[in-house]
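Student: Here is my input, please return the structure:
(chains A and B)
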Amino acid sequence: MTLQQVMDTCGIEGVFVPDAQAAVTAAYTSDLLSDVMAHCPDGAVLITVQNHKNTVAVCTLVGAPAILVVHNREIPAEMSDVARREGVALLRTADDQFAASCKIAAALAKNS
Amino acid sequence: MSDAIQKATDAATGNEPLVLLELIQRLKVRDVMTSKLVTVSRSDTMHAVQELMRQMKISGVPVEENGRFFGLVSIDDIIRALGGGYINDACSKHMTTKLVVLEDDMPLSFALRYFDRYRYGRFPVLNRDQHLVGIICQRDINRALLVELTNELNRIESVSSHMPGADMAYSIYVLREFPICKYDFENAGKAANQIKQVLQEKKFPPKVIRRIAVAAYELEINLCVHSDGGVLSWQISNGRAEIIARDAGPGIEDVEWACRDGTSTANEWIRSLGFGAGMGLANVKRVSDEFEITSKKGSGTTVKSVINIAAPELSVS
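Tutor: Numbering: from 1, shown residues only, chains lettered A, B, ... in the order given. Now for the predicted structure:
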């Protein structure tokens, strides 16, 4: 499914979306960057509390097109700047990680 | 700023091209600076400095005695002296003493940031003993980059010509080095990202790219978080990618413990940034075909990851 479909289906705010039609084929939930490096699949939305630019760096390396920051945490300017440079989408939700993960998992299952 | 320096500064700030970026990270200030210095002593007059500038066609003269650096007289200082009527004063009275200096073993990329930030025409260069060893200006950088680019081109042509008929993938030779500073989270991950970009440009298989990127990133972050700084180098030749991280940091007391998943010496601040999961070395080991680590407490650590590469698919004409 596309990033736009994920946002619409799960009620997620798009803070920076360079390509709303980008394909999302998976999701991964983690706050440990080395864990993301090791296990996050290509094409996944990363669901995390880590609202800083190092998260963007890791996503570019693993091929994750979007980061979903939970608990409505603020996205700092530094993170936005790097995301714009690298073309990684930044999303935000008021949900916690469990709720956000369940919603996205359901959406992906319905679209597969 | 000249075009070459603008391009190199853009490269230092992340805007291509990669060849220039690699050069300015590999070169040190001492490789580029002018070391045959024209200097004056504190008792020399401003007029003497003016004459020196005219004869040598230079615009700045360091004030130095027995290697000890005291200040700099610039052409602006001379103009002010002429206007103020004190051109025959000792230069020690009017030299600029509040200066930004560079160290001779700094990467050139640092020097370019200084030029961009401070907009000075030149910087004195000191060694670790704080002795004046050179001066660097934009013209030096232009000249050095042109020479290095020419050398790089000659080397690439030489490598290609020595391997007639060989598989193109195995004739690829890439060698890059990146200095990594302790706690430099501003730039953490950039080296690994640049490596990934080069591999994508050369059309390596995505799975191989990810393995190399993971190894490079984890080693880069380890240098940033756990060492006192070091160098990340990588090379591709003969179908192998080698990523090596070297530091002169505290060393690892128990290497076997450090390589286990979930073991980390990171502090709370580091963990709050998402690092310190204790998976770094384990991740590197997992993606490597060969993995070596040597470390001694108090003497630093060297980690080497080797990943075998399948030949990229060649286009069929």
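Student: Does A:Leu61 touch B:Ile212 like I think?
Tutor: No: under the criterion of CB atoms under 8 Å, A:Leu61 makes no contact with B:Ile212, lying 10.0 Å away. From N, CA and C alone the C-beta is placed, and that goes for glycine too.
Student: Chain A contacts on chain B?
Tutor: Residues of chain B lying close to chain A by CB under 8 Å from any CB of the partner chain are B:14, B:185, B:188-190, B:192-193, B:196, B:206, B:210, B:213-214, B:217-218, B:221, B:273-275, B:277-280, B:283, B:286.
Student: and those residues, which are buried?
Tutor: B:185, B:188-190, B:192-193, B:196, B:210, B:213-214, B:217-218, B:221, B:273-275, B:277-280, B:283 (16 or more other CB atoms under 10 Å in any protein chain shown).
Student: For A:Leu61 and B:Ile212, list the residues in contact with both.
Tutor: Common contact partners of A:Leu61 and B:Ile212 (CB atoms under 8 Å, 6 or more residues apart in numbering or on different chains): B:Lys196.
Student: okay, now B:Asp104: neighbour count?
Tutor: 19 (other CB atoms under 10 Å in any protein chain shown).
Student: Quick check: mean pLDDT of stretch B:36-51?
Tutor: The average pLDDT for stretch B:36-51 rounds to 93.
Student: Leaving out the residues flanking it, which one is nearest to the residue in chain B that chain A sits nearest to?
Tutor: Taking CB to the nearest CB, chain A has its nearest neighbour within chain B at B:Gly189, 3.3 Å off. Leaving aside its chain neighbours, B:Gly189 sits nearest to A:Ala57 (3.3 Å; criterion: CB to CB, 6 or more residues apart in numbering or on different chains).
Student: in terms of contact, does that neighbour touch B:Gln194 like I think?
Tutor: No: between A:Ala57 and B:Gln194 there is no contact under CB under 8 Å: 11.4 Å.
Student: Look at the two and report which has more neighbours.
Tutor: A:Ala57 (23 against 20).
Student: Please give the three-state secondary structure assignment for B:Arg80.
Tutor: Following DSSP: H, G, I helix; E, B strand; the rest coil, B:Arg80 is assigned to helix.
Student: likewise A:Leu90?
Tutor: strand.
Student: Kindly report the same for B:Leu72.
Tutor: Quick answer, by three-state DSSP: B:Leu72 is strand.
Student: now do B:Ile244
Tutor: strand.
Student: what does A:Ser34 give?
Tutor: Under three-state DSSP, A:Ser34 comes out as helix.
Student: Can you tell me how far the residue of chain A found nearest chain B is from A:Leu3?
Tutor: Closest approach between chain A and chain B, counting by CB to the nearest CB: A:Ala57, at 3.3 Å. To A:Leu3, A:Ala57 is 20 Å away according to CB to CB, to the nearest Å.
Student: where along the stretch 201-317 of chain B do the strands fall?
Tutor: B:230-237, B:240-247, B:290-296, B:300-308 (DSSP state E, counting those that start in this stretch).
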